[in-house]
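Novice: A predicted structure for the sequence below; I have some questions about it.
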Amino acid sequence: MNNRAFYLNHSPIEAYFMPTPKDFVVTEIPLYEFSGEGEHLIIQFRKKNLTTWEALEILSNTLGCKVRDIGYAGLKDKNAMTIQYISLHKKFEARLNDFNHPSIKILSTTYHNNKIRTGHLKGNKFFIRLKRINKTNNRKIGSVLQQIANQGIPNYFGHQRFGIDGKNHLKAIEILNGNLKIRNKKEKEFILNAYQSHLFNDWLSLRVQNSRLINEFEPKEISSMIGIEAKELKSIKAQPHFFKIFDGELMHHYPYGKLFALEDIDNEATRFHERDIVPTGLLGGKKVKRASGLAQSFEEKFDISTIHGEKVNSLLNGTRRYAWIYPDNIDSVYKDKDNHLELNFALPKGSYATVFIEQLLNNIGISN
């Protein structure tokens, strides 16, 4: 499923990437420092070739607690080595002495005053090894990494969001049309969320394509194509960032803070360029705020509630997602002898390393 437009201009770079524990490592960055005291035991553990759910099942069986008693911040990839934190009541601590599993290693323990909950996460650090990178492409990648460090990347959902066959959004349409019944509440919600994500990606891809047109052509040449008056396009074109924001946009303080409605577009465009704020996109539902004005005219076409009516609002609350993010701590090391490129970078929570790689390479079809 290719609904993730690129924003950089370089030609596609071929690379080989196989997500394995050796070549793909994910490390959680906690939202806060743990206090070292309290009734909740905090466990940092390393897993490989297991989903987070599988790891929690193994831990619960050994420690004698229920999976629902274990707190976690986020779900991590199966085909990777991942380092993450969980919490449980400290009464189970003594049983850790008996824990032994070939795919899970306890790295450290401490205590905290409250349970870790979903979203209690600042972001994730990634290590990725790309193979079959020649010297020419390594130099090219170095230049592109600098562009990404300066400008950021669109915050698409990665292919993992859409199921093994990439078609969960189609199942969601069948559910909403009354042609498919899913009894399991969590499975149904997961499928509907995949549809929200699909629509978000389509919206973001359109906005990336529009931004490219605005950057590369004169307003009068593309006014009818984009559906924005040439006079307004002239002002939008003057914005310093590649990704152009529109009147009525809902912005968010970055990387933390509050959602707010854009008021002074020239000022907010500068703040966006300076990484103080970012525009947001819609994951439709009952309680989520919508954009207004020009931004709404683009957003509403991808609003699941607009497409499928009020029935959606009984199933989904909705939220907003950063449209643009700034990867941090980017570093690369080229292994000349092996033609390998080792990448390190950090992303905000909910962002995908695979999207970073796709945008870096201008290539959805990474060999794997």
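Specialist: Cool, got the structure. Model, not experiment: these values are computed from the prediction. Numbers count the residues shown, from 1 in each chain.
Novice: Just the residues contacting the helix or strand containing Asn124, thanks.
Specialist: Per DSSP states H and E: Asn124 is located in strand 121-130. Residues from elsewhere that reach strand 121-130, judged by C-beta atoms under 8 Å, 6 or more residues apart in numbering: 15-17, 22-31, 73-74, 255, 328-329, 340-349, 351, 353, 356-357. All C-beta spots, glycine's among them, are computed from the backbone N, C-alpha and C.
Novice: sec struct for His252, please.
Specialist: Secondary structure, DSSP: H, G, I helix; E, B strand; the rest coil: His252 is strand.
Novice: and it, how many neighbours?
Specialist: Neighbour count of His252, defined by other C-beta atoms under 10 Å: 18.
Novice: Which residue ranges of this protein form strands?
Specialist: Assigned by DSSP state E, the chain shows strands spanning 24-30, 40-48, 71-72, 81-89, 104-112, 121-130, 153-154, 250-253, 259-261, 277-283, 319-322, 324-325, 328-335, 340-348.
Novice: Reformat these as JSON lines; add distance to Gly142 and mean pLDDT.
Specialist: Output for these, formatted as JSON lines (distance: least, C-beta to C-beta, whole Å; pLDDT from 0 to 100):
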{"stretch": "strand 24-30", "distance to Gly142": "21", "mean pLDDT": "97"}
{"stretch": "strand 40-48", "distance to Gly142": "30", "mean pLDDT": "97"}
{"stretch": "strand 71-72", "distance to Gly142": "36", "mean pLDDT": "95"}
{"stretch": "strand 81-89", "distance to Gly142": "26", "mean pLDDT": "96"}
{"stretch": "strand 104-112", "distance to Gly142": "33", "mean pLDDT": "97"}
{"stretch": "strand 121-130", "distance to Gly142": "13", "mean pLDDT": "96"}
{"stretch": "strand 153-154", "distance to Gly142": "16", "mean pLDDT": "98"}
{"stretch": "strand 250-253", "distance to Gly142": "31", "mean pLDDT": "98"}
{"stretch": "strand 259-261", "distance to Gly142": "36", "mean pLDDT": "98"}
{"stretch": "strand 277-283", "distance to Gly142": "26", "mean pLDDT": "98"}
{"stretch": "strand 319-322", "distance to Gly142": "26", "mean pLDDT": "98"}
{"stretch": "strand 324-325", "distance to Gly142": "21", "mean pLDDT": "98"}
{"stretch": "strand 328-335", "distance to Gly142": "7", "mean pLDDT": "97"}
{"stretch": "strand 340-348", "distance to Gly142": "9", "mean pLDDT": "97"}
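Novice: Tell me which of the ones you listed sits nearest to Ser223.
Specialist: Closest approach to Ser223 among the strands of the chain is made by strand 277-283 (21.6 Å; C-beta to C-beta).
Novice: same for the closest one, what does it pack against?
Specialist: On a contact count with 3 or more C-beta pairs under 8 Å, 6 or more residues apart in numbering; DSSP states H and E, strand 277-283 meets helix 185-216, strand 250-253, helix 265-273, strand 319-322, strand 324-325.
Novice: Under the pLDDT cut-off, which ranges of the chain? List them.
Specialist: Scanning the chain for pLDDT under 70 picks out the ranges 1-2, 365-368.
Novice: let's see it at 80
Specialist: Low-confidence segments of the chain (pLDDT under 80): 1-3, 164, 364-368.
Novice: which residues touch the residue lying closest to Ile182 once chain neighbours are set aside?
Specialist: Leaving out its chain neighbours, the residue that sits closest to Ile182 by C-beta to C-beta, 6 or more residues apart in numbering is Lys188, at 4.1 Å. Counting by C-beta under 8 Å, 6+ apart, Lys188 touches Ile175, Ile182, Leu315.
Novice: wait, Gly166 sits on Gln160?
Specialist: No. In this structure, Gly166 is not within contact of Gln160 by C-beta atoms under 8 Å, at 9.6 Å.
Novice: Quick check: the gap between Lys47 and Trp53.
Specialist: 11 Å (C-beta to C-beta, to the nearest Å).
Novice: count of neighbours near Pro102?
Specialist: Other residues near Pro102 come to 7 when the count uses other C-beta under 10 Å.
Novice: Got the phi and psi for it?
Specialist: Geometry field for Pro102 lists phi and psi as phi -70, psi -20, criterion degrees, to the nearest 10.
Novice: and the gap between it and Leu59?
Specialist: Pro102 is 14 Å from Leu59, by C-beta to C-beta.
Novice: picking that back up, so between Lys47 and Trp53, which is more surrounded?
Specialist: Neighbours were counted for Lys47 and for Trp53 using other C-beta under 10 Å; Lys47 has more, 25 against 12.
Novice: The more buried one is in contact with Asn79, isn't it?
Specialist: No. Judged on C-beta under 8 Å, Lys47 makes no contact with Asn79 at a distance of 11.5 Å.
Novice: Give me the buried subset of the contacts of strand 121-130.
Specialist: Taking 16 or more other C-beta atoms under 10 Å as the criterion, what is buried in these is 15, 17, 23-31, 73-74, 340-341, 343, 345-349, 351, 353, 356-357.
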